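> below are the sequence and a predicted model; questions follow.
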Amino acid sequence: MNDPHLVIQTNDLCKSYNHGWFRRRSLKALDHVAISVARGEVFALLGPNGAGKTTLIKLLLGILRPTSGNATVLQQPAGSLAARMKIGYLPENLVFPKHLTAIGALYFYGRLSRLTESKMKATIPGLLDLVGLSGRESESVRKYSKGMRQRLGLAQALLHEPEILVLDEPTDGLDPLGRSQIRDLIDTLKSQGKTIFLNSHILQEVELICDRVAIMAKGRLRAIGTIPELIESHSHGKRLRVHLKCRAVDPQAPVTIATWTFDDSVLNVQSSPVSVSADETCTMPFDFAIQLETSEQRHIDQLIDRLRLASVSLLSLERHRIRLEDVFMTLVDS
Amino acid sequence: MPYLAVILDCFSEAARSRVLWVLMAAWTILLVAISPFSIIQGVTTEFQADQILARTQLIDALTNASSGKGSKSQQAVWEFIEPDLKQQIIDRNKNNRGGRLPMGELSKGLSSVLDKPKLYSSDAWPTASKRSDLEELLEGDPEKLPTEKLQRLNRRLVELAFPGMIRSGESNAIWVGYAGIKVSDPLPISKKQLQPFIEGFLLVTIMRVGLGLVGVFIGIVVTSAMIPDMFQAGSLHLLLSKPVSRAGLLIAKFVGATAFIAWNVSFILLGFYLLVGWRLELWNPGILICIPVFVFVFMIFYSVSMLSGLIWKNAIISIAITALFWGFCTVIGITHDVMSGIVTQWPKIVAIETVGDKVFSVTARGRLQLWDPDSNLWQTAYGETTGEETIIGPFWIKPDSALYFGRPYRIPFGGIQSDSIRLQIAKLPELQQNERVSSTQAEALVSANAPPLWSDQRIDSGPEFPPRTRRVIKWNDTLLALTERGLFRLDREAASMDDGRPQVSLFGFAFPNSKPSETYPSMTPSDWQPQSPMDLTPSFDQENFFVYTRGNLVALRTIGSNQFEPVSSLDLELPEGTLALIAANDQMVLVATNKNGIIKVPIEDPKSLKLGAPVAIEGLESVVPRKLITSSIDQSFIVLDRDGKIWSIDVTGEKWTPPRLPVSDRISAIHIDATGNWWIAWGVNQITVWNPVDKQVVQSITPTLSLVDTIFHRIVSPLYWVNPKPAAVGTTIRSCITDEDPFSLGRETSELQESIIQPTDFWEPIWSNALFIGVMLVIGCSLLYRQDL
């Protein structure tokens, strides 16, 4: 449990909310969640709305207290002052006090993080530059767009040079360029040895930048591991699926192909109606698609052989690959 | 450091409030606008109403002058008087001296003469030029005198024309000025006289209403959003992710809001202090002392606003809850104050008299009551519940089988106050025969509104006490009245002939006869006139008297046939205005003062009544007496002090002890009966009879609680106790500004005895409210700590 390489650990973490008039009704938000995040990792927490992701983050930050189980951050109890000193947090839907300017906000949160004035003075200009807010630091945050507030939020999270960054939807509200910059920034931070714990809905981004992923649904941890591991574990025992684009001259070719059988395979031909000339002697080549789902590779080979024998040209062949989204959907649906 | 950041952030957050800046700007403009106002002090030659000494004579003299009679100087004045006044005087004369001519118009009419350069003529005032005070003014041509000198000359000429009718001399006056220009008529008072009005009313009202109510409410409005704003999800979670404690965060927010209000209040009050000091020359540091007091009042309400914000997370609800809290506190405070007077102050026993097995007591509201053991209630024997003063006495006069008591007489409409005391004589023949009120009657008398026991004419209205009576004591089966004209004895026989009926009646109100009644023959030489404050005690053998009169102790020795002469006088070297009660035994006279503790004055020679050097009794310097009596059993002294404590001083005046009594310290009256038992009134209307020899309780009188008493003690008092009493801080504000001593007593010695025990500590609201704020903060911190956010 006290592996020094693990910066975040949770053990059988449970959290229930009591609600109702007499707070007798209980809602389980986290149900025996156990995760661990190693130092220097980019770790993503995935799950649909209400999965318990934000609850888990709040427990790690000490904003909530667990109903049972425990969590440690940098070998300190989650939520302890020592742990919070080393965490940078970017909340979802961040709201800055309206009376502050950008630089005022950075100084305010810097003081809360117990930074000295000289340290802040040295750090803040570089950070503003890093998040692309240089030159606009004296403006009131009231006038900031959502994307600018997000950048400012990221700057305050980085201000005290934390060991762990907890980012809740960090690219929310950013334009494509901004998203790319955030991805680059995360790569840079990772290269500096920072641990990044992020929560995102954008699976493509997660696939691009994360080392490990945890998928949660209805308060329970459904899967955890690297992306290849997750895909591999979900590919095992699955049937093969190929998608072919073909071209033929014989208008009856799709009909004929549809009658072919390969043991337990399922063959599906999709073609548009072919227009035939009046004398039926002059025919035009036409395209159609074939989809084969089978349990054995030899059936695919046989299909290709027979198509070639039937003078059907193969324009493309695409073998379907299982992606993170499929894994996510499978786990969430289950 | 992190909490300081939160405090500073609160400061800058509140400083962004537009409401605040508009109000601060308005306040600054107001200060600038009123800053040119000032009080201009000067000397006025104008005639003031109070300077006309003989109004009727003056009008008659003017009337004569109008018809060419009277002196030439009076005729000269008449010539220059303004026509309106002339007409009024002529009309009045035609109506055979009927019709009103107010003093104000008379003085104003006379003042119109002052600017006339041709008033003076050597013919009318032939000796004026020889008078030293006018010589200089009459050297040249009066018509060429500057206005100020002309007015002084004419003023003096008018005074000479009507000798004895107008008080001579110019008078001090003040004007309200704006930028140095007089904008009001002269007010015939000095600046010093105006000070109590400005400090006691104007400043206190501005501070209590302007700042205490409006200012605090604005402060609440400006700061109410701080806590709910903190609870915006994206804002709060970020704050809580930082290395700060929740309790620290909440307290820092509270301190930040308070610091902000303190800054604003300081600005407002410092400006106000400088303005009042600069313009009115009243450098009252109390205004600055009020800064923390107001901040404190704000803290009381803000603690409620903060807790509401924590629970409901909405600024509007916070303001509404705070306003409701204010309303609740006000209602409870008013209810408590009103009921406290009715239940605990008015019925408080301030005097006891025992007659055989009957017990009489007098309440603070002047109700004479008789203890009825059958109903276990005090029955009203005689009572005027509308008065605010208690009665004097009662004194049991055995030969008459009657209780004598004095009832202070007050003329309606304030202003003119009469200090007359009407003697009332309650004859008790039935009680002498042990005839009790039947239980049926007693039940009928349970209510305070029930008819008094002696409403069937058993109380006679006797003669008034002599004017300016300051002290009444019982002596040799009659009463003595010490007045500013000497010592007078009630002649009971003559009194029975005098029905005391008022001789003057005006507007339907009966005014007492102000002439000294023949029923009170003087016992002292006519040239001996003691001065207030004063007190009187007979010597222990009842043969002679000692009188305290304005810091002096005077011995009055008998010269036979109820006549006494002052034989020795001792200056006690007490501060001016010291009130004192005196009592004597064979060895000494004890002087219990309100400023210098208790002093013993030895009687060096009982025959010549020579008084020795006064010696203060050590350890009793801070005792302020309410009652001082000599025990007829062992000649020791008993002092009941202002705080309701009893002190026993031995016969030599050397040793004193607070006796171990079986009652609390809230003693309101003490009486020693013929057997030497102490009758001690305590609480509201309870009496414990205590034997000081065997130190045993002989009897206890504990009346049954009425419904009103029960409601007060069981409901109103507990509610008042738990509510934080922010309005009570008003007392603190008043005492800061006016520098009033909450224990200050009256100008007369008798007021020492009549003062109701009300130990008001003006810091008490501070402690109770500080406790409330502390509780609210603890609840708030606990709530924030436990909340799932």
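Structure received.

> show me which residues of the stretch 51-200 of chain A sit near chain B.
Contact residues, the stretch 51-200 of chain A versus chain B (C-beta under 8 Å from any C-beta of the partner chain): A:58, A:61-65, A:81-82, A:84-85, A:87, A:89, A:91-100, A:104, A:108-109, A:111-114, A:153, A:156, A:166. Quick note: C-beta positions are derived from backbone N, CA and C, even for glycine.

> repeat that for 7 Å
Contact residues (C-beta under 7 Å from any C-beta of the partner chain) of the stretch 51-200 of chain A with chain B: A:61, A:63-64, A:81, A:84-85, A:87, A:89, A:91, A:93-95, A:97, A:99, A:108-109, A:111-114.

> what count of nearby residues applies to residue B:340?
A total of 16 residues lie near residue B:340 under the criterion other C-beta atoms under 10 Å in any protein chain shown.

> so which residues of the stretch 101-250 of chain A form strands?
For the stretch 101-250 of chain A, the strands defined by DSSP state E, counting those that start in this stretch cover A:164-168, A:195-199, A:212-217, A:220-226, A:240-248.

> how about CSV for those strands, with mean neighbour count and mean pLDDT added?
Formatted as CSV, the strands of the stretch 101-250 of chain A follow (neighbours: other C-beta atoms under 10 Å in any protein chain shown; pLDDT from 0 to 100):
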stretch, mean neighbour count, mean pLDDT
strand A:164-168, 24, 92
strand A:195-199, 24, 92
strand A:212-217, 23, 92
strand A:220-226, 17, 92
strand A:240-248, 17, 91
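
> which elements pack onto the host helix or strand of residue B:228?
In the assignment (DSSP states H and E), residue B:228 maps to helix B:226-230. With contacts defined as 3 or more C-beta pairs under 7 Å, 6 or more residues apart in numbering or on different chains; DSSP states H and E, helix B:226-230 has these neighbours: helix B:246-280, helix B:285-312.

> quick one, what contacts the nearest residue to residue B:47 once chain neighbours are set aside?
Spatially, and ignoring its direct neighbours in sequence, residue B:47 is nearest to residue B:107 (4.1 Å; C-beta to C-beta, 6 or more residues apart in numbering or on different chains). Taking C-beta atoms under 7 Å, 6 or more residues apart in numbering or on different chains, we find residue B:107 in contact with B:47, B:48, B:49, B:52.

> thought residue A:249 was touching residue A:285?
Yes: assessed by C-beta atoms under 7 Å, residue A:249 is found in contact with residue A:285 at 5.2 Å.

> what pairs with residue A:90 across the strands?
residue A:167 (DSSP bridges).

> excluding sequence neighbours, find me the nearest residue to residue 183.
Going with chain A. Spatial nearest neighbour of residue A:183, chain neighbours left out: residue A:209 (5.5 Å); criterion: C-beta to C-beta, 6+ apart.

> that's the wrong chain, I wanted chain B
Nearest non-adjacent residue to residue B:183, counting by C-beta to C-beta, 6+ apart: residue B:176, 5.6 Å away.

> how close does the one you found sit to residue B:198?
12 Å (C-beta to C-beta, to the nearest Å).

> same thing with residue B:131?
Applying C-beta to C-beta, the value for residue B:131 to residue B:198 is 40 Å.

> ok, residue B:242 next?
Distance from residue B:242 to residue B:198, by C-beta to C-beta: 52 Å.

> quick one: pLDDT of the residue nearest to residue A:183?
Note for residue A:209: predicted pLDDT of 87.

> contacts only, for residue A:165.
Residues in contact with residue A:165 (C-beta under 7 Å, 6+ apart) are A:88, A:157, A:189, A:194, A:196, A:197.

> need the longest strand for chain A.
Determined from DSSP state E, the single longest strand within chain A is strand A:6-19.

> now it against strand A:220-226, angle please.
Taking axes from the mean of the first three to the mean of the last three C-alpha atoms, to 10 degrees, one finds strand A:6-19 and strand A:220-226 inclined to each other by 160 degrees.

> so is the helix or strand just after strand A:6-19 next to chain B?
Using DSSP H and E, the helix or strand that follows strand A:6-19 in sequence is strand A:25-33. No: applying C-beta under 7 Å from any C-beta, one finds strand A:25-33 separated from chain B by no less than 9.6 Å.

> output the helix ranked longest in chain A as CSV, nothing but the C-alphas.
If you go by DSSP state H, chain A has its longest helix at helix A:176-191. C-alpha atoms of helix A:176-191 as CSV (Å, rounded to 0.1, in the frame of the first residue of the first chain):
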residue,chain,number,x,y,z
PRO,A,176,-9.0,23.5,-31.2
LEU,A,177,-5.8,25.5,-30.9
GLY,A,178,-6.2,25.9,-27.2
ARG,A,179,-6.8,22.2,-26.8
SER,A,180,-3.7,21.4,-28.7
GLN,A,181,-1.7,23.8,-26.5
ILE,A,182,-3.1,22.1,-23.4
ARG,A,183,-2.1,18.7,-24.8
ASP,A,184,1.4,20.0,-25.4
LEU,A,185,1.5,21.5,-21.9
ILE,A,186,0.5,18.2,-20.4
ASP,A,187,3.2,16.5,-22.4
THR,A,188,5.7,19.1,-21.1
LEU,A,189,4.6,18.7,-17.5
LYS,A,190,4.8,14.9,-17.9
SER,A,191,8.3,15.2,-19.1
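
> now that helix: mean pLDDT?
For helix A:176-191, mean pLDDT is 86.

> which parts of chain A are helices?
Assigned by DSSP H, the helices in chain A fall at A:53-61, A:81-85, A:102-112, A:117-130, A:146-158, A:176-191, A:203-209, A:227-235, A:253-258, A:297-309, A:324-333.
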